[in-house]
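S.K.: sequence first, predicted model second:
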Amino acid sequence: MSGYTDIRAGGWVAHLPEAWRPYALLMRLDRPIGSWLLFLPGLWAFALVAPSWGRGLWLTVLFGLGAVLMRGAGCVVNDLWDRDLDRQVERTAGRPLASGAVRPRQALAFLAALLVVSCVILLMLPPAAILLGVLSLVPIALYPLAKRVTDFPQAVLGLVFSWAAPTGYAAATGGLDAAALALWAAGFFWILGYDTIYAHQDREDDALVGIRSTALHFGERTRPFLVACYAATIALLASSGWLAGLSAWFLPALLLPAALLARQVVALDIRDPALCLRLFKANREVGLAIALAFLIGRL
């Protein structure tokens, strides 16, 4: 395509066998940021309450693999729902289902394979985490519909991408408590903010084809909305750390992710899609800084 797209068909994906490449692109393996963002709330949980380093590292490996697979499955579901709309949006018209590189029947078979392998990983976790993992399929399936019926589909994505926080907490401790719920809510508001930035890439095309988003809803008022989302994120992270009994070192350590989020608010230009994408991707470093703050709080 000659127009703007965030597909990265070069790099290591270009070295895959030709028949594999459309499926790698369908899973967004060319853009691992989505897997990182799905995984990071789980990493927060392990940093906060894992009973030992060994258990934390094992869960990190399982959730890392699970994040890649489930993010891929979610992308397949999303693209099956949206293939007709994607053809009308410059950034997404080259996606494998929209372009015809993968047929819907092939995508369904691939989705089934991803879910089977994900299920094997899920069954290695405690019962409470397994239950939460199964329940996550509901918002995953509903997200593509949400953008057609509400101005806040980013809230549904917030539920999906923050789900690793309670699931990871349950995997580490066997259950949920107030600290887990505060962690989950922190993830929700973080995602609500950063996905609004992401949605500004498609704001004009979305308006033409009838896709709704917080980017369209808030428009020029996006910056104050981000301030509210990110302030809630930091406040809820602080609450989660306090409820989990972290040391006084946690709050100073939380200043780093707070500063990184503030930088996004200041730098935002909703008319610059490339900048919006860079700010969105910067949330990987934010998520890692939050995990580091939790680890420091356990010293």
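M.R.: Received it, and whenever you're ready, just let me know what you need. This is a predicted model, so every value here is computed, not measured.

S.K.: what's the weakest-modelled helix or strand in the chain?
M.R.: helix 203-209 (a mean of 75; mean pLDDT, DSSP states H and E).

S.K.: just the helices in the stretch 101-250 of the chain please.
M.R.: 104-122, 127-135, 137-149, 153-162, 164-173, 178-199, 203-209, 214-218, 222-243, 250-253 (DSSP state H, counting those that start in this stretch).

S.K.: ok, the residue lying closest to residue 294 once chain neighbours are set aside - contacts?
M.R.: Leaving aside its chain neighbours, residue 294 sits nearest to residue 47 (3.8 Å; criterion: CB to CB, 6 or more residues apart in numbering). Using the backbone N, CA and C atoms, a C-beta is placed for each residue, glycine as well. Neighbour list for residue 47: 56, 291-292, 294-295, 298 [criterion: CB atoms under 8 Å, 6 or more residues apart in numbering].

S.K.: what do you get if the cut-off is 6 Å, keeping everything else the same?
M.R.: 291, 294-295 (CB atoms under 6 Å, 6 or more residues apart in numbering).

S.K.: can you redo these as JSON lines with neighbour count, secondary structure and distance to residue 285?
M.R.: Listed next are these as JSON lines, based on neighbours: other CB atoms under 10 Å; DSSP: H, G, I helix; E, B strand; the rest coil; distance: CB to CB, whole Å:
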{"residue": "291", "neighbour count": "20", "secondary structure": "helix", "distance to residue 285": "11"}
{"residue": "294", "neighbour count": "25", "secondary structure": "helix", "distance to residue 285": "15"}
{"residue": "295", "neighbour count": "19", "secondary structure": "helix", "distance to residue 285": "15"}
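
S.K.: would you turn those into TSV with pLDDT and distance to residue 127?
M.R.: What follows is those, written out as TSV (pLDDT from 0 to 100; distance: CB to CB, whole Å):
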residue	pLDDT	distance to residue 127
291	98	25
294	98	25
295	98	27
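
S.K.: how far off helix 137-149 does the lengthiest helix in the chain point, in degrees?
M.R.: Assignment by DSSP state H gives helix 53-86 as the longest helix of the chain. Going by axes from the mean of the first three to the mean of the last three CA atoms, to 10 degrees, helix 53-86 is angled at 30 degrees with respect to helix 137-149.

S.K.: tell me the mean pLDDT for the helix or strand following helix 53-86?
M.R.: Per DSSP states H and E, the first helix or strand lying C-terminal to helix 53-86 is helix 96-99. In this model, helix 96-99 has a mean pLDDT of 88.

S.K.: distance from helix 96-99 to the middle of the chain?
M.R.: For helix 96-99, the separation from the chain centroid amounts to 22 Å (computed by CA atoms, centre = their mean, to the nearest Å).

S.K.: export that helix to CSV, keeping only CA atoms.
M.R.: The C-alpha coordinates for helix 96-99 follow below in CSV (Å, rounded to 0.1, in the frame of the first residue of the first chain):
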residue,chain,number,x,y,z
PRO,A,96,-4.8,-10.1,5.7
LEU,A,97,-8.6,-10.5,6.0
ALA,A,98,-9.4,-7.1,4.5
SER,A,99,-7.0,-7.6,1.6
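
S.K.: what comes into contact with it?
M.R.: 22, 25-26, 79, 83, 86-87, 102, 107.

S.K.: quick one on the thing from earlier: the least confident helix or strand of the chain - contacts with which helices or strands?
M.R.: helix 214-218 (3 or more CB pairs under 6 Å, 6 or more residues apart in numbering; DSSP states H and E).
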